[in-house]
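Novice: coordinates only, no sequence provided:
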């Protein structure tokens, strides 16, 4: 089953999908390249994505971070930054950020 992510994952990708393997939701620092931030996105099953830290300055991404703070405070159930949105909404938002 293939999923097309409309420009998100191709060639030199901006958003990197990393494989989340159970184990309590912890990730190793070595798994995250310099300049990227791991985030967990999804409703029932969380998927881990690596986003460029430059997104932290973008208004659209900051809105999502504010929603995460409202919903989870500073206690994130996955052990990393959990964003309260569906995966397809997240991919749509990041595709907009790539165009900026």
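Specialist: Thanks, I have it. Please read all numbers here as calculations on a predicted model, not as lab measurements.
Novice: what's the distance between residue 49 and residue 68?
Specialist: 14 Å (CB to CB, to the nearest Å). (Glycine included, C-beta is placed from N, CA and C.)
Novice: which one's more surrounded, the two?
Specialist: More crowded of residue 49 and residue 68, by other CB atoms under 10 Å: residue 49, with 23 against 19.
Novice: low-confidence ranges in this structure?
Specialist: 1-30, 76-79 (pLDDT under 70).
Novice: ranges for the helices of it?
Specialist: 59-72, 87-99 (DSSP state H).
Novice: among the ones you listed, which is nearest residue 33?
Specialist: Of all the helices of the chain, helix 87-99 sits nearest to residue 33, with 16.6 Å by CB to CB.
Novice: who does that closest one touch, helix- and strand-wise?
Specialist: The contact analysis (3 or more CB pairs under 8 Å, 6 or more residues apart in numbering; DSSP states H and E) places helix 87-99 against strand 47-52, helix 59-72.
Novice: let me have the ones you listed in JSON lines, extended by distance to residue 98.
Specialist: Compiled in JSON lines, the helices and strands packed on helix 87-99 are given as follows (distance: least, CB to CB, whole Å):
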{"stretch": "strand 47-52", "distance to residue 98": "10"}
{"stretch": "helix 59-72", "distance to residue 98": "11"}
